[in-house]
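J.: Build me a model:
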Amino acid sequence: MALQIASLKTPIGMLNLIADGDILLGANFSSVRALKDALDHIYVGSESKLVKKIPGISPLIADYFAGDLTAFSAIKVSQPGGVFSQAAWKSMRKVQAGKVISYSQLAEKAGSPKAVRAAGSACAKNAIVLVVPCHRIIKTGGDLGNYAYGVNKKLWLLRHEGVQ
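T.: The predicted model follows:
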C-alpha cells in the first residue's frame, strides 16, 4: 500500500501529513519534501500518493482545531529515533492539552533527569508536530523556548489549548 500524503489548511498554516495506513509518520508546517526526508529508512523508495484527507487521521486533526483538544490521542504514530528520543516523544504525548512541562521535566519523565539538552533535541527532531506535542514543552521559568515553525505558532497552539 502506498504512503498517503495530505495537506490540511489550519488556522496557523498548511499542515502536511504522511501516513502508512492508520499510522502517522510525519506532520509539519514546512513541506512535503521535509516529511519524506524525515521518514524512517524502511520507507525509502516507498510509493506515495497525494490524497485530500487521510482516513482516521485528517478528521481528528480537524477536530483538534475545532476545539476537541483530546482528538490526537487516538492517532497512532511512528518516527525514527534513538532510545531517549522515543522515550521523550512518548512522554510528550502524555502531556495533556492545556498543560505544559519544562525541558528538565521532560528529561525526567523520559528516564534521564540530567538529559535536559537531549530533551530539547528530541523536541527539535520531532517529525510529527501537534500529535507529538513538542509545543507543550517550555523552558524552566515559563519562557516558551524555541519552536521549529516559529514561536508565534507555538503561542497560538498553547492559547488554543487554554494555556495563558
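
J.: And the residue nearest the centre of the chain, its phi and psi?
T.: The C-alpha lying nearest the average C-alpha coordinate of the chain belongs to Val129 (Cα atoms, centre = their mean; 2.2 Å). Per-residue torsions, Val129: phi -60, psi 160 (degrees, to the nearest 10).

J.: Surely it touches Ser30?
T.: No: with contact defined as Cβ atoms under 8 Å, Val129 does not count as touching Ser30 (9.5 Å). Placement of C-beta: from N, CA and C, glycine included.

J.: Need the residues touching each of these two.
T.: Jointly contacting Val129 and Ser30 under the rule Cβ atoms under 8 Å, 6 or more residues apart in numbering are Ala148, Tyr149.

J.: can you tell me how far the closest residue to the residue nearest to the centre of the chain other than its chain neighbours sits from Ser78?
T.: Closest residue to Val129 apart from its sequence neighbours, by Cβ to Cβ, 6 or more residues apart in numbering: Ala27 at 5.2 Å. Distance of Ala27 to Ser78, given as Cβ to Cβ, to the nearest Å: 12 Å.

J.: Looking at those two, which has the bigger crowd around it?
T.: Neighbours per residue (other Cβ atoms under 10 Å) separate Ala27 from Ser78, with Ala27 holding more: 26 against 17.

J.: got the contact list for that one?
T.: Shown in contact with Ala27 (Cβ under 8 Å, 6+ apart): Leu15, Asn16, Leu17, Ile18, Leu35, Ile61, Ala127, Ile128, Val129, Leu130, Val131.

J.: ok, now how distant is the residue lying closest to the last one once chain neighbours are set aside from Gly45?
T.: The shortest distance from Val131 to any residue that is not its chain neighbour, by Cβ to Cβ, 6+ apart, is 4.7 Å, and that residue is Phe72. If you measure Phe72 against Gly45 using Cβ to Cβ, the figure is 29 Å.

J.: if you count what's nearby, which of those two comes out ahead?
T.: Phe72 (22 against 6).

J.: elements contacting the helix or strand of the chain with the lowest mean pLDDT?
T.: Across the helices and strands of the chain, mean pLDDT, DSSP states H and E gives its lowest value to helix 32-37, namely a mean of 94. Under the contact criterion of 3 or more Cβ pairs under 8 Å, 6 or more residues apart in numbering; DSSP states H and E, helix 32-37 touches strand 3-10, strand 13-20, strand 23-28.
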